[in-house]
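*Asks:* I'd like to go over a predicted model; first the sequence, then the structure.
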Amino acid sequence: MITEKDLKNIQVIYVDDEVSNLTAFKSGFRRFYSVETFLSAQEALDWLEHHEAHVVISDQRMPNMLGTEFLGILYDKYPDTVRMLLTGYADIKAVIDAINVGHVFRYITKPWHEHDIRTAIESAYEMYRLKRENAELLQKLKRINEQLEFMYRQSILS
């Protein structure tokens, strides 16, 4: 369960080439989450070189890079980041590419509804958190396994 404190710590990035969409998104969601907005995928990638994001939402149709391309790059570089595609166009190729290339968690249509976006962001963050928890548990299990193997070898040698 996500607490109120957790909500403000959720780092959300929204990428769209339309300033009005960025402004609306930031003003609508900054009271719930930590929000960064970018006019291009490259700006977001540059920011991600030095910062962590839990949830990345991208518009599909942008001038220099499609949202699916951007999300595919994110998947390769930051696989734990949960990716969502937001578009105003019903484009079946974009949906297929979003799944196959960008490994998106959700496909959302414009105009968005605040409740739907909030539900999607919080579900995405929960997925991010669980991925991280699972990775930590896997590391602990590996260390325990190594210790058990060492103890077993010691008992055989004694």
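*Replies:* Received it, and whenever you're ready, just let me know what you need.

*Asks:* the helices in this protein, which residues?
*Replies:* Listed in chain order, the helices of the chain (DSSP state H) span residues 4-9, 19-29, 41-48, 67-77, 92-100, 114-157.

*Asks:* Run the chain-centre distance for the shortest one.
*Replies:* Here helix 4-9 is found 16 Å from its chain centre; the criterion is CA atoms, centre = their mean, to the nearest Å.

*Asks:* got it, and the third one?
*Replies:* Chain-centre distance of helix 41-48: 14 Å, with CA atoms, centre = their mean.

*Asks:* residues making contact with that helix?
*Replies:* By CB atoms under 8 Å, 6 or more residues apart in numbering, the surrounding residues in contact with helix 41-48 are 13, 15, 36, 38, 56, 58, 62, 64-65, 67, 69-70, 73-74, 77-78. To be clear about C-beta, it is placed using only N, CA and C from the backbone, and glycine gets the same treatment.

*Asks:* so who does Thr81 touch?
*Replies:* For Thr81, the contact set (CB under 8 Å, 6+ apart) comprises Ala53, His54, Val55, Val56, Leu74, Tyr128.

*Asks:* what do you get if the cut-off is 10 Å, keeping everything else the same?
*Replies:* Counting by CB atoms under 10 Å, 6 or more residues apart in numbering, Thr81 touches 11, 13, 48, 52-56, 71, 74-75, 105, 124, 128, 131.

*Asks:* Give me the buried entries from the residues you listed.
*Replies:* With neighbours counted by 16 or more other CB atoms under 10 Å, the contacts of Thr81 contain buried members at 11, 13, 48, 53-56, 71, 74-75, 105, 124, 128.

*Asks:* from the residues you listed, which has minimum pLDDT?
*Replies:* Lowest in pLDDT among the buried ones among the contacts of Thr81 is Phe105, which has 85.

*Asks:* Spatially nearest residue to that one (excluding sequence neighbours)?
*Replies:* Nearest residue to Phe105, sequence neighbours excluded (CB to CB, 6 or more residues apart in numbering): Val82, at 4.8 Å.

*Asks:* Please tell me I have it right and that neighbour contacts Arg132.
*Replies:* No. In this structure Val82 lies outside contact range of Arg132 using CB atoms under 10 Å: 11.0 Å.

*Asks:* That'll do, ta.
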